[in-house]
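Student: Give the three-dimensional model of this entry:
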Amino acid sequence: MAEYKSIAVIYGSDSSEWEVACRSGEFTASRIDDTRYDVYEIFARFGKWKLVAMRKAFSMRQTFPEGAQPEVDKTDFSVMVLGEKIKFDFAYIMQHGAPGETGLLQGYLEMLGVPHSSCSAFVTTVAFDKYACKSYLKGSGIVKLAPDAFIRKGGEDVEEFSRKAVAQLGLPLFVKPTDGGSSFGISKVDDAAKLAEAIRYAFSEGETVIVEKGIKCEHELTCAVYFNGKEVKALPVIEIISETGWFDYDAKYNGLSREVCPAEIPDSLAEEVQKISADIYRHLGCKGLVRMDYIAAPDGIYFLEVNVIPGMTSASLVPKMVRAAGMDITTFLNQIIENS
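Tutor: Alright, predicted model coming up:
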């Protein structure tokens, strides 16, 4: 178990999720143990990294006004504050989307030898890409995977691909950017004539798109997993009941869903989801905190995706799981920091 003093919470991002990432980062920074660590909040977007706030142990949070925010020196991951050079001991990554969920930020930190809260650069890259992650799980026997088709922007005629995808997979279909989050660019397609349009919409968020066969959903479930220093632990399962029919952006962020924690499902189903989640964590070689999403169908549990940097706002899923597990968020974050 490592001992750290100065922790940099990195938030913002280069993606459409940057505002959500700011809320997650600010919440995380506010809950990190103020009796143990100095916390520095870094807003990072399109190569500009600035210190926007700091909180020394046993002290109040101090913000820096626009125009007077110290810039982070990326050569050694440090910052000058009031004439003092602070070199960060540990990075808590709260960037949703690029570069925090693509592996680029992890790679930078690993080259500098800076410990961080996330999976390794390689595992992050694999886990964040929906198609790559499913490819790693195929043949593992851990979980069911919906049949799919893959297309790269500019690599194949969209209209012809759409005709083949409908013939192969049927309807309905879900169309997703392979490397996006927060449901940006995702569509549900019930009409074959609208598939090409949905693919082009997904291309607005990324260069690659996955089209998945719609699975009959009895329960939409999610479960977070972490390492507590001794073993891989799964938190209580949440069931998501969406008013929109599926967990889209409005359901996630505009109050059009109900999140039941712990999920009111049979114990055997909850335990199976927790076991699958822990098995995926180990199979991929995850580190820190990750969250997996599933559909429980009549013929079994289907994997949807891994969230390598799950949301951490006050209303997010993981804090609800932590509370349901009987922990407070500060104690939980201590475990993530100490064992990452």
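Student: Do a quick rundown of the helices in the stretch 1-150 of the chain.
Tutor: Remark: helices assigned in the stretch 1-150 of the chain by DSSP state H, counting those that start in this stretch are 18-31, 104-112, 121-128, 130-137.
Student: Go through those helices and name the closest to I336.
Tutor: Closest of these to I336 is helix 18-31, at 9.6 Å (criterion: Cβ to Cβ). From N, CA and C alone the C-beta is placed, and that goes for glycine too.
Student: what packs against that closest one?
Tutor: strand 6-11, strand 38-45, helix 329-339 (3 or more Cβ pairs under 8 Å, 6 or more residues apart in numbering; DSSP states H and E).
Student: Mind putting those into TSV with mean neighbour count and mean pLDDT?
Tutor: Supplementary listing: these in TSV, determined by neighbours: other Cβ atoms under 10 Å; pLDDT from 0 to 100:
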stretch	mean neighbour count	mean pLDDT
strand 6-11	26	98
strand 38-45	23	98
helix 329-339	18	97
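Student: So which of those is nearest A196?
Tutor: strand 38-45 (32.5 Å).
Student: Need the contact partners of that closest one.
Tutor: 5-14, 18, 22, 25-26, 29, 32, 49-57, 69, 72, 79, 86, 88, 95 (Cβ atoms under 8 Å, 6 or more residues apart in numbering).
Student: Emit the PyMOL select command for whichever of the residues you listed are buried.
Tutor: Buried subset of the contacts of strand 38-45, written as a PyMOL selection, criterion 16 or more other Cβ atoms under 10 Å:
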select buried, resi 6+7+8+9+10+11+12+13+14+18+22+25+26+29+32+49+50+51+52+53+54+55+69+72+79+86+88+95
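Student: need the helices of the stretch 1-150 of the chain in CSV with mean pLDDT, can you?
Tutor: Putting the helices of the stretch 1-150 of the chain into CSV (pLDDT from 0 to 100) gives the following:
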stretch, mean pLDDT
helix 18-31, 96
helix 104-112, 98
helix 121-128, 97
helix 130-137, 96
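Student: out of those helices, nearest to I215?
Tutor: Among the helices of the stretch 1-150 of the chain, if distance is taken as Cβ to Cβ, the winner is helix 130-137, at 13.3 Å.
Student: Only the buried residues of the closest one, if you could.
Tutor: Those would be K130, Y131, A132, C133, K134, Y136, L137, for helix 130-137 by 16+ other Cβ under 10 Å.
Student: got the contact list for the fourth one?
Tutor: If I follow you right, that is C133. Counted by Cβ under 8 Å, 6+ apart, C133 has contacts V126, A127, L284, E305, V306.
Student: hang on, isn't V225 packed against V232?
Tutor: Yes: using Cβ atoms under 8 Å, V225 makes contact with V232 at a distance of 6.1 Å.
Student: intersection of neighbour lists for these two?
Tutor: In contact with both V225 and V232: A278, Y281, using Cβ under 8 Å, 6+ apart.
Student: who's more crowded, those two?
Tutor: V225 (23 against 14; other Cβ atoms under 10 Å).
Student: Now do the SS call for that one.
Tutor: strand (DSSP: H, G, I helix; E, B strand; the rest coil).
Student: pLDDT score assigned to it?
Tutor: V225 carries a pLDDT value of 98.
Student: still on that earlier bit, for the helices and strands packed on helix 18-31, give me a markdown table that also has distance to P172.
Tutor: Conversion of the helices and strands packed on helix 18-31 to a markdown table gives the following (distance: least, Cβ to Cβ, whole Å):
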| stretch | distance to P172 |
| --- | --- |
| strand 6-11 | 35 |
| strand 38-45 | 36 |
| helix 329-339 | 37 |
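Student: if we can go back for a sec, most neighbours among the contacts of C133, which one is it?
Tutor: V306 (29 neighbours).
Student: Pull out the buried residues from stretch 104-116.
Tutor: Quick answer for stretch 104-116 (16+ other Cβ under 10 Å): L104, L105, Q106, G107, Y108, L109, V114, H116.
Student: What is the most widely separated pair among those?
Tutor: The largest separation in the buried residues of stretch 104-116, counting by Cβ to Cβ, is between L104 and V114 at 14.1 Å.
Student: Count the neighbours of the closest residue to Y294 other than its chain neighbours for me.
Tutor: Closest residue to Y294 apart from its sequence neighbours, by Cβ to Cβ, 6 or more residues apart in numbering: L221 at 4.8 Å. If you count neighbours by other Cβ under 10 Å, L221 ends up with 25.
Student: Can you give me the separation between L221 and I329?
Tutor: 22 Å (Cβ to Cβ, to the nearest Å).
Student: Retrieve the pLDDT associated with the most far-flung residue of the chain relative to its centre.
Tutor: Going by Cα atoms, centre = their mean, the residue of the chain most distant from its centre is G83, 35.9 Å out. Per-residue pLDDT puts G83 at 93.
Student: and what of the one 5 residues further on?
Tutor: F88 carries a pLDDT value of 98.
Student: again, but for L256
Tutor: 67.
Student: circling back: of the buried residues of helix 130-137, which is the nearest to E160?
Tutor: Using Cβ to Cβ, the buried residues of helix 130-137 come closest to E160 at Y131, 19.4 Å.
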